[in-house]
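**Student:** 3D model of this:
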Amino acid sequence: MTDPISDFLTRLRNASKARLDECVSPHSVLKEGIAAILKAEGYVIDFSSSQDALGHKTLVVKLKYVDGTPAITGITRVSTPGRRLYYRCSEIPRVLNGMGIAIVSTSRGLMKDQDCRRNKAGGELICNVW
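**Tutor:** Coordinates of the predicted model:
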């Protein structure tokens with residue numbers, strides 16, 4: 001697999017459109033950080049790590065629905081392995097004029113766009129969520 005983050009975001013997008021209760025993906029620290037931000041912002045109910053029968057670690061994300069519609073309307077990968085996009089704190093684009101969030105990988109860890117502007121930290125723009 002070339003881009004595991006894109007695979008994780010696609011699994012989330014497909015599971016929410018199919019109205020599934022949870023989404024299972026291979027575990028990584030970066031994916032767990034993305035899930036933590038999504039939980040803090042109210043896009044997902046909860047997430048947990050578990051081991052499957054073969055001993056591989058998996059990340060289980062419980063999706064959130066509001067009156068039957070998914071809380072995640074859209075989720076897109078911005079920076080790809082073939083085209084990395086880095087932004088200064090003042091240049092981070094707003095998602096839907098502030099209605100969505102952008103997840104940025106900084107030297108201080110993963111942050112949402114508002115925290116990057118507040119802490120004056122730039123970095124690689126991972127994805128946009130709305």
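
**Student:** break the chain into its domains for me.
**Tutor:** 4-70, 75-129 (automatic domain parsing).

**Student:** turn those domains into TSV, columns for mean neighbour count and mean pLDDT.
**Tutor:** For every residue, glycine as well, the C-beta is placed using N, CA and C. As requested, the domains of the chain are arranged in TSV below (neighbours: other CB atoms under 10 Å; pLDDT from 0 to 100):
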stretch	mean neighbour count	mean pLDDT
domain 4-70	15	96
domain 75-129	16	97
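
**Student:** now the helices for the protein?
**Tutor:** Counting by DSSP state H, the chain has helices at residues 4-17, 29-40, 113-119.

**Student:** just the residues contacting the shortest one, thanks.
**Tutor:** Around helix 113-119, the neighbours that count as contacts under CB atoms under 8 Å, 6 or more residues apart in numbering are 89-90, 92, 94-95, 101-104, 106, 108, 111, 121-123.

**Student:** and which of these is nearest to residue 27?
**Tutor:** Comparing these against residue 27 with CB to CB places residue 103 closest, at 17.6 Å.

**Student:** one step back: tell me the one of the contacts of helix 113-119 nearest residue 24?
**Tutor:** Of all these, residue 24 sits closest to residue 103, with 20.4 Å by CB to CB.

**Student:** not counting sequence-adjacent ones, nearest residue to that closest one?
**Tutor:** Leaving out its chain neighbours, the residue that sits closest to residue 103 by CB to CB, 6 or more residues apart in numbering is residue 126, at 4.6 Å.
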